[in-house]
Structures are given as C-alpha cells and as structure tokens.
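Chemist: Predicted structure and sequence below. I'll ask about it afterward.
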Amino acid sequence: MKTLVISDTHLTHKFDAPKCNFLSSILTDVDRVVLNGDFWDGYISTFDQFINSEWQKLFEILATKETHYLYGNHDKEIYSDERRSQFAKTSGLILELTAGEKVFYFTHGDSITRATDSLFPFLTKIKLVVDAYSIFKEVGVRTMGRYFYLREVFDNARMKKWRKMNLPENTLLFTGHTHLSEANMAEGFYNTGFIEHGHADFITIENDIATLHFQKY
C-alpha cells in the first residue's frame with residue numbers, strides 16, 4: 001500500500017486551479033492519504049464556504065482513497081462538522097499506523113510546539129492581521145521557497161526532543177505545522193512541510209520507507 005502524507009495546504013473558499021491539478025496528480029497513484037493538519041484555513045474561510053467551494057473536485061478524489069484527516073491549529077475540530085466525511089473516512093488529532101515492527105505516528109504538531117496564533121488567538125479574529133500575514137507569507141514563499149521557514153528549525157528540534165521523550169524507539173513521528181519539511185531517519189522524525197504558492201513538499205510511504213519530495217507547481 002502506498003501512502004501520501006500532506007499538510008498545511010491551507011485551502012480556502014477561493015479555488016486555485018493549478019494547486020488543485022497538482023494535488024490531484026499526486027493523489028492518483030496512492031491508496032491511502034493522511035491530511036496531517038491545516039488542510040483548510042479556518043482563519044480565512046468558514047467551513048461552510050470551504051465545503052461548498054470548487055474544492056469539491058478534490059473531495060471526490062479523496063473520497064475514493066483511504067483518507068484520514070487530522071486537525072491542525074488552522075482547522076480545529078470545532079471549526080468543521082460531519083461534512084468532513086465528504087473527503088475523509090476518519091478524523092481526529094492523532095493517527096497511528098503499524099507496518100511490521102514500525103509504528104507511524106501522525107499529528108499536526110501544534111500541540112507539541114505552539115505557534116503565535118495559538119498563543120494569541122485574538123490575532124486570528126483581526127482580518128487586517130490575517131490578510132497582511134497572508135501577503136507576507138506568499139511573497140516570502142514565492143521568493144525564497146521552503147527557506148522562508150528556516151526560522152522554524154528550533155520548533156522542529158522541539159518536536160524531535162518530544163518524540164525522543166514520549167514515543168517508543170520503533171515509532172516514527174510525522175508532523176506538519178512549522179512548514180519546514182524534514183526527513184531525519186536517525187531521529188525518527190519527519191515534517192511534511194507545506195503546499196502553497198507554487199511550492200510543494202510532501203511525503204510518500206511505500207514498503208515501510210518514507211520519502212520526502214520537493215516539487216513546484
């Protein structure tokens with residue numbers, strides 16, 4: 001079975017055809033999908049707006065896979081409702097999959113290392129702040145790619161430390177949240193990065209081997 005792991009796509013009610021085409025393309029040859037948090041952005045759109053948007057084209061593909069949806073800080077459980085079943089068979093905060101002697105532990109990562117928006121939630125209610133950061137982020141990603149998030153190296157380090165202290169040796173931790181992708185087999189840590197503004201990081205798992213991919217779209 002081939003598994004695709006993506007996070008931090010931050011979809012909104014505004015449809016992005018190139019992004020949809022890219023996501024559709026990487027979904028075609030996989031059997032299972034893990035949406036590891038921040039699949040959609042509740043700071044920008046309501047769930048009703050999102051679920052009724054043109055992204056339904058993507059939902060139709062996800063519904064044909066074994067899709068597991070994990071909540072992130074931008075798409076908390078309270079932000080959505082049972083219509084999650086349109087694109088996912090299960091939903092929750094944590095997913096564990098077993099393959100031989102390995103255990104794959106998936107969680108978005110915001111409960112391990114918190115972001116500014118989690119520490120100061122009132123900022124997410126101020127449209128001017130949200131819009132300004134969205135523009136700043138887009139400009140940064142389009143000019144610097146994944147290097148825009150190098151500042152998050154310290155949060156990735158916190159996640160690796162958490163994994164060492166809280167998970168068994170045979171358990172690999174897969175997160176998102178920081179947008180800084182990483183595949184560290186020695187420390188059993190993987191971060192899926194993000195898919196936005198023409199830049200895509202994602203992970204595939206096949207024959208118990210996790211591979212980090214970098215692409216443009």
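Modeler: Sure, I can see it.
Chemist: any idea where the strands of this structure begin and end?
Modeler: Secondary structure of the chain by DSSP state E: the strands cover 3-6, 32-36, 66-70, 90-92, 94-99, 102-107, 171-175, 182-184, 189-191, 195-196, 199-206, 209-216.
Chemist: possible to save those as TSV with distance to residue 18 and mean pLDDT?
Modeler: In short, each C-beta sits where N, CA and C put it, glycine included. TSV is the format used below for the strands of the chain (distance: least, CB to CB, whole Å; pLDDT from 0 to 100):
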stretch	distance to residue 18	mean pLDDT
strand 3-6	16	98
strand 32-36	19	98
strand 66-70	22	98
strand 90-92	27	98
strand 94-99	29	96
strand 102-107	27	97
strand 171-175	26	98
strand 182-184	26	98
strand 189-191	24	98
strand 195-196	11	98
strand 199-206	11	98
strand 209-216	10	97
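Chemist: now these in CSV, with distance to residue 131?
Modeler: Written out in CSV, the entries for those read as follows (distance: least, CB to CB, whole Å):
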stretch, distance to residue 131
strand 3-6, 25
strand 32-36, 25
strand 66-70, 26
strand 90-92, 28
strand 94-99, 32
strand 102-107, 29
strand 171-175, 27
strand 182-184, 29
strand 189-191, 27
strand 195-196, 15
strand 199-206, 20
strand 209-216, 25
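Chemist: With distance to residue 122 and mean neighbour count as added columns, please give the ones you listed in CSV.
Modeler: Written out in CSV, the entries for the strands of the chain read as follows (distance: least, CB to CB, whole Å; neighbours: other CB atoms under 10 Å):
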stretch, distance to residue 122, mean neighbour count
strand 3-6, 29, 24
strand 32-36, 26, 25
strand 66-70, 25, 22
strand 90-92, 27, 14
strand 94-99, 27, 14
strand 102-107, 25, 20
strand 171-175, 25, 24
strand 182-184, 31, 17
strand 189-191, 28, 26
strand 195-196, 24, 23
strand 199-206, 30, 21
strand 209-216, 35, 13
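Chemist: nearest to residue 124, of those strands?
Modeler: Nearest to residue 124 among these is strand 195-196 (17.5 Å), distances taken as CB to CB.
Chemist: what distance separates the closest one from the centre of its chain?
Modeler: Centroid displacement of strand 195-196 relative to its chain, using CA atoms, centre = their mean, to the nearest Å, is 9 Å.
Chemist: In terms of secondary structure, what does it contact?
Modeler: In terms of contacts (3 or more CB pairs under 8 Å, 6 or more residues apart in numbering; DSSP states H and E), strand 195-196 is packed against helix 17-27, helix 127-144.
Chemist: List the strands paired with that strand, with their directions.
Modeler: strand 199-206 (antiparallel) (DSSP bridges).
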